[in-house]
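got a predicted model here, sequence first, then my questions.
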Amino acid sequence: MTVAIPILGLFAFLLLGIPVGFSLAIAGGLGLLINGGWDLMTGILQTTPYASAASFVLTSIPMFILMAEFATNSGMTEKTFKACNRWLGHFPGGLAIATVIASTGLAAIAGSSTAAAASMAKTAVGEMRKYRYKTSFAAGVVSVAGTLAIMIPPSITLIIYGILTEVPIGPLLIAGIVPGIITAIGYILSIVFWSKKWPEDAPRMEKYAMKDRISSLRGIWPMLLVIVFMIAAIYSGAVTPTEAGAAGAFVTMLIGMFLVGLNVPGIKGALSRTAQSTCMIFMIVIGAMIFGYFITNIQLTQTILQYISGLPLSPYVIMGLIVLIYLILGTFMDQLAILFLTIPLTFPISQSLGFDPIWFGIIVTKTAEIGLITPPLGMNVFITANVAKIPVSEAFQGVFRLLVVEVFILILLFFFPALSTWLPQMMGK
């Protein structure tokens, strides 16, 4: 009962709508009080907030968010989408394909799935609706395409996974490239199939003249400059993945100011939204650490490890069960909370079963990606619906067909680990 009360309390707090970070902190503190006494609880509550947040590696999170905000406020994202639209709009589902390609470019500088979804929702949903795309189709594509930022580097999720597991972050980020590209291609193929089978959902646009298409390319080169800078900076070793966020945010701000039109109100807005997102993430980090101390105090990790190691099942079956648990958790819990709650349990299990830590990180990230578009939580869908001012139920309707693609790619990555590990090995990371 002393173990059950804090865990049941956590779920009760979440169901009541209490923010995830505070739910974790309260439930963890309660568990420490019941199982360890007053002195243990107060000692951990006094030291954990600072010890958890005062990490140099964690500084990359607000910096990557700020970089995405600068790109959005300067108009880089909108101009990239319009260029993709002019080149691809006349194909089946062309505007939706343009959304995926623009989201892929944004993912390469954003690191945050929710930031990417919000950025594209401002532009893409309205454009698709203007050309008589079905609203659910438009919202579904934007919501799903936004998840690319959780896989394509610089991914905040992979960075946090690396922090929690002490797996080198550089190889982790490189490992996300191939799965991210495969996912984007899967989206595009699905959109083409969907548009041909249900053409009323995505009417074709008229073809732009070559002169107009070429002229649109002038609007994308600032975004390309940022992407090239980030790739060169990280993979040349000029900056670490942690430092890259700060360097990228600074360069994006300069490019936005001098080449695109980023102004002082835009900079202030970017800083404000970055501060809000950072406070939310760091509260989750602190709360999860407090809850983690409770889990450690009751020796839950050791108990589960001993139980699973004794199961008469193959390693792949056990890993399949772990993936299934991640998919279930993703339907009703925040992705960062899931990472902080589960990685201390599941990572040692994966290592004891002999699985590659980089491959496991990609699999966990892919399940988090799926959770971002799965009801009832589906954070990306809520953000898209809110920004585009459409009913959430309608946005979820457009997600389900593309959700099948996500599950297929997860299965592909699960049974073919080389898709995740080949590139880091080839680059000697």
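In hand now; what should we look at?

state the distance from the residue nearest to the spatial centre of the chain to residue 370.
Nearest to the geometric centre of the chain sits residue 150, at 2.8 Å (CA atoms, centre = their mean). Note on residue 150: its distance to residue 370, by CB to CB, to the nearest Å, is 10 Å. Just so you know, the C-beta spots here come from the backbone N, C-alpha and C atoms, and that holds for glycine as well.

and the pLDDT at the closest residue to residue 72 other than its chain neighbours?
Distances taken as CB to CB, 6 or more residues apart in numbering put residue 119 closest to residue 72, at 4.3 Å, once the chain neighbours are dropped. Confidence at residue 119, expressed as pLDDT, is 71.

does residue 324 lie in a helix or a strand, and which?
helix 315-330 (DSSP states H and E).

give me the neighbour count for residue 12.
Other residues near residue 12 number 12, with proximity taken as other CB atoms under 10 Å.

any buried residues in the helix or strand hosting it, and which?
Element membership for residue 12 (DSSP H and E) is helix 4-15. Neighbour-count burial for helix 4-15, with 16 or more other CB atoms under 10 Å as criterion, is recorded at 6-7, 9-10, 13-14.

and the closest residue to residue 282 other than its chain neighbours, what does it touch?
Among residues not flanking residue 282 along the chain, residue 53 sits closest, at 5.1 Å (CB to CB, 6+ apart). Neighbouring residues of residue 53 by CB atoms under 8 Å, 6 or more residues apart in numbering: 282, 285-286.

of those residues, which is the most crowded?
residue 285 leads these on contacts (other CB under 10 Å) with 25 neighbours.

pLDDT averaged over the longest helix along the chain - what is it?
Counting by DSSP state H, the longest helix found in the chain is helix 264-297. For helix 264-297, the mean pLDDT works out to 82.

how far off centre is that helix?
15 Å (CA atoms, centre = their mean, to the nearest Å).

likewise stretch 400-412?
Counting by CA atoms, centre = their mean, stretch 400-412 comes out at 16 Å from the chain centroid.

return the alpha-carbon coordinates of it using CSV.
Coordinates of each C-alpha in stretch 400-412 appear next as CSV, following Å, rounded to 0.1, in the frame of the first residue of the first chain:
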residue,chain,number,x,y,z
PHE,A,400,-5.5,8.0,-38.2
ARG,A,401,-4.6,7.2,-41.8
LEU,A,402,-1.1,8.5,-41.3
LEU,A,403,-0.9,6.8,-38.0
VAL,A,404,-0.8,3.5,-39.8
VAL,A,405,2.4,4.7,-41.5
GLU,A,406,4.0,5.5,-38.2
VAL,A,407,3.3,2.0,-36.8
PHE,A,408,4.7,0.4,-40.0
ILE,A,409,7.9,2.4,-39.7
LEU,A,410,8.2,1.5,-36.0
ILE,A,411,8.0,-2.2,-36.9
LEU,A,412,10.6,-1.7,-39.7
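
buried set for that stretch?
Buried-residue list, stretch 400-412, by 16+ other CB under 10 Å: 401-403, 405-406, 409-410.

so which of these comes closest to residue 144?
Among the buried residues of stretch 400-412, residue 402 lies closest to residue 144 (CB to CB), at 4.4 Å.

my read: that closest one touches residue 187, true?
Yes: in this structure, residue 402 is within contact of residue 187 by CB atoms under 8 Å, at 6.3 Å.

shared neighbours of those two, anything?
Common contacts of residue 402 and residue 187 (CB under 8 Å, 6+ apart): 141, 144.

ok and the longest helix of the chain relative to helix 4-15, angle-wise?
160 degrees (axes from the mean of the first three to the mean of the last three CA atoms, to 10 degrees).

count the neighbours of the closest residue to residue 373 other than its chain neighbours for me.
In this structure, residue 373 finds its nearest non-sequential neighbour in residue 399, 4.9 Å apart by CB to CB, 6+ apart. Neighbour count of residue 399, defined by other CB under 10 Å: 24.

for residue 399, grab phi and psi.
Main-chain torsions, residue 399, degrees, to the nearest 10: phi -90, psi -30.

least confident secondary structure element in the chain?
Lowest by mean pLDDT, DSSP states H and E among the helices and strands of the chain is helix 300-309, with a mean of 67.

report the buried residues of the host helix or strand of residue 99.
Residue 99 is part of helix 94-110, with elements assigned from DSSP H and E. Under the neighbour-count criterion of 16+ other CB under 10 Å, helix 94-110 has 94-110 buried.

repeat for stretch 161-174
In stretch 161-174, counting by 16+ other CB under 10 Å, buried: 161-165, 167, 169-174.

and if you look at stretch 31-39?
Neighbour-count burial for stretch 31-39, counted by 16+ other CB under 10 Å, picks out 31-36.

among the residues you listed, which are in strands?
Nothing among the buried residues of stretch 31-39 maps onto strands, per DSSP state E.

looking at these, spot the one nearest residue 202.
Of all the buried residues of stretch 31-39, residue 31 has the smallest distance to residue 202: 50.4 Å, by CB to CB.

and the closest one, what does it touch?
Here residue 31 is in contact with 2-3, 5-7, 291, 294, 297-298 (criterion: CB under 8 Å, 6+ apart).

go with 10 Å
Contact analysis of residue 31 by CB atoms under 10 Å, 6 or more residues apart in numbering lists 2-7, 9-10, 41, 290-291, 293-295, 297-298.

same thing with residue 32?
6, 38-45, 290-291, 293-294, 297-298 are the contacts of residue 32 under CB under 10 Å, 6+ apart.

surely residue 29 meets residue 35?
No: when contacts are counted by CB atoms under 10 Å, residue 29 is not listed as touching residue 35 (11.2 Å).

overlap in contacts of the two?
Common neighbours of residue 29 and residue 35 (CB under 10 Å, 6+ apart) are 6, 41, 294.

name the nearest residue to the last one, ignoring sequence neighbours.
Closest residue to residue 294 apart from its sequence neighbours, by CB to CB, 6+ apart: residue 31 at 3.6 Å.

show the pLDDT at that neighbour.
pLDDT, read off for residue 31, is 89.

now do the helix holding residue 12: distance to the chain's middle.
Relative to the centre of its chain, helix 4-15 is centred 25 Å away, using CA atoms, centre = their mean.

average pLDDT for it?
Rounded mean pLDDT across helix 4-15 is 82.

quick one: list the elements packing against it.
Under the contact definition 3 or more CB pairs under 10 Å, 6 or more residues apart in numbering; DSSP states H and E, helix 4-15 sits against helix 20-36, helix 264-297, helix 335-352.

that one vs helix 20-36, what angle?
Using the same axes, to 10 degrees: helix 4-15 against helix 20-36 is 170 degrees.
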